[in-house]
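Enquirer: This is a predicted model, with the sequence first.
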Amino acid sequence: MTDAPPTTPEGAGEFPTFIVCTIGSVTVDLPETFARVNLHEADLPFRGLAIPVAIPDAAAMTAVVAERPAARPSSQDLLANVLQRHTIDVVAARITGEAGGVYFAELDLVGPKGRIVLECRPTDAINAALRHPGGAPILVEESLLGV
């Protein structure tokens with residue numbers, strides 16, 4: 001008996017490649033009415049992606065990165081607390097695509113009832129990953145990363 005090479009079902013495309021990224025900075029360029037979260041590859045060649053985000057979402061990310069406690073819990077803190085209380089782990093935040101300047105993401109979760117992947121805004125996925133105990137990876141689809 002010989003081992004045959006694995007085959008790809010007809011019509012099935014290749015799986016996307018995701019790259020581990022970190023938050024390089026969160027910036028506001030006045031007079032813009034939005035901020036940008038600047039993600040960078042964790043390893044060489046250190047390509048980046050700047051995603052426009054709402055100011056409150058940017059503030060929530062910055063508070064966690066700077067380890068600055070909030071005066072009261074935010075919506076992102078509430079989500080993190082709900083996930084923790086129900087023993088649901090954040091496997092990863094994935095930035096999956098872009099169309100017309102709008103970015104798409106998904107939140108990969110696993111808990112007592114199994115694994116689930118939910119579509120969401122990139123800021124929600126990133127904020128959930130940042131608040132997960134020990135942090136969860138932020139993954140970006142490789143074709144979105146600039147040179």
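Expert: Sure, I can see it.
Enquirer: Surely Phe18 is in contact with Gly97?
Expert: No. Phe18 lies out of contact with Gly97 (CB atoms under 8 Å); the separation is 11.6 Å. Any C-beta I mention is one placed from the backbone N, CA and C, and that applies to glycine too.
Enquirer: of those two, who's got more company?
Expert: Neighbour totals were compared for Phe18 and Gly97, and Phe18 leads with 17 against 14 (other CB atoms under 10 Å).
Enquirer: Helix or strand: which one has the spatially closest residue to the more buried one that is not a sequence neighbour?
Expert: Distance criterion CB to CB, 6 or more residues apart in numbering; nearest residue to Phe18, sequence neighbours excluded, is Leu139 at 3.9 Å. According to DSSP states H and E, Leu139 maps onto strand 138-141.
Enquirer: And the residue nearest the centre of the protein?
Expert: Ala93 (3.3 Å; CA atoms, centre = their mean).
Enquirer: element containing that one, please.
Expert: Ala93 belongs to strand 89-99, assigned by DSSP H and E.
Enquirer: which helices and strands does the helix or strand of the chain with the lowest mean pLDDT pack with?
Expert: Least confident helix or strand of the chain, by mean pLDDT, DSSP states H and E, is helix 55-65 with a mean of 89. With contacts defined as 3 or more CB pairs under 8 Å, 6 or more residues apart in numbering; DSSP states H and E, the packing partners of helix 55-65 are strand 18-28, strand 35-41, helix 122-131.
Enquirer: Please consider this matter closed, and thank you.
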